[in-house]
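In: below is the sequence, then the predicted model.
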Amino acid sequence: MTILQGLLSIASGSLVGFTLGLVGGGGSILAVPLLVYVVGVPSPHIAIGTSAVAVAASAAANLAGHARAKTVKWPCAIVFALAGIAGAAGGAQLGKMVDGGRLLALFGVLMVVVGLAMSRPRKSGGNPDVALTRESILGLAPLLIAVGFAVGLLSGFFGIGGGFLIVPGLIGATAMPLINAIGSSLVSVTAFGLTTAASYAWSGLVDWEIAGLFVVGGALGGLLGTRLAARLAGYKHALSMTFSGIVIAVGLYVVAKSLIG
């Protein structure tokens, strides 16, 4: 790895961390395009494996904060994550079997879908008392397992955190409030990222030097983004709309680049 690549890895990680801190999600989907087109990682598969390490580390750090704030509904989060781990393992195996160029094109399509989904306002209501208990397990567990597996499959296939899918999935399965869904989703993001990273690492598809620098940059960027978010709280929707537009634009670029070669 050259010095320039190292600096670009830190800068790219900072951008992802900054975005996550500023708008509260979605930033990790920029990791793969940044690694391929900015850092210069030669293989889309290595970019996916490397980004999975960074996504897992970032999610774990954010999870600690939500755990302290007691916004994580642990029983629901754990069942969802365990089902998703099985899906992520299968998805990672499938992803490694797909041609790198085609995988990147599909990733670009996913970015466009994510950007459109992020532009829709999130509902903040819900049932704050929902819990996975002996009385509710027959009603809640099947939904948590089914949705968790499906989301994990996509997360593993594309090497992303999947928070944009996990949050609405948890709300749909349990009707928990948005703040609890965000906190609880980080259990799955961490677990899916580790599962995908382990699968790709086993196949030698992780650049550990770049991953480490990306994580360092992400931590620094996250601090700045979180602080700025507090000052720009009144412009949260405008920020989310702007970012969703950026994700859509980058997704279209990735698709075009992959198709044109």
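Out: Arrived safely, thanks for sending.
In: got the phi/psi numbers for the residue most central in space within the chain?
Out: Centrality entry for the chain: nearest residue to the mean C-alpha point is Gly161, 2.3 Å, by CA atoms, centre = their mean. Backbone torsions for Gly161, taken as degrees, to the nearest 10, come to phi -70, psi -40.
In: kindly report the same for Ala238.
Out: Ala238 adopts backbone torsions of phi -60, psi -40, taken as degrees, to the nearest 10.
In: ditto for Ala54
Out: Taking degrees, to the nearest 10 as the convention, Ala54 sits at phi -70, psi -40.
In: per-residue pLDDT, the residue nearest to it when sequence neighbours are not counted?
Out: Ranked by CB to CB, 6 or more residues apart in numbering and with sequence neighbours excluded, the top spatial neighbour of Ala54 is Phe214, at 4.4 Å. All C-beta spots, glycine's among them, are computed from the backbone N, C-alpha and C. Phe214 is assigned 94 on the pLDDT scale.
In: in terms of helices and strands, where is Phe214?
Out: Using DSSP states H and E, Phe214 sits in helix 208-231.
In: give me the helices and strands touching that helix, please.
Out: On a contact count with 3 or more CB pairs under 8 Å, 6 or more residues apart in numbering; DSSP states H and E, helix 208-231 meets helix 3-23, helix 44-68.
In: check which residues of the host helix or strand of Leu170 are buried.
Out: Leu170 is part of helix 163-174, with elements assigned from DSSP H and E. Buried residues in helix 163-174, counted by 16 or more other CB atoms under 10 Å: 163-171, 173-174.
In: now pLDDT and distance to Ala64 too, for those residues, in TSV please.
Out: Shown next, in TSV, are these (pLDDT from 0 to 100; distance: CB to CB, whole Å):
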residue	pLDDT	distance to Ala64
Gly163	75	16
Phe164	74	21
Leu165	82	22
Ile166	87	18
Val167	84	18
Pro168	83	24
Gly169	87	22
Leu170	91	19
Ile171	88	23
Ala173	89	24
Thr174	93	23
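In: which one of the residues you listed is nearest to Ala229?
Out: Gly163 (16.0 Å; CB to CB).
In: that closest one and Val53, how far apart?
Out: Remark: distance between Gly163 and Val53 (CB to CB, to the nearest Å) = 16 Å.
In: go on, Ala173?
Out: In terms of CB to CB, Ala173 sits 28 Å off from Val53.
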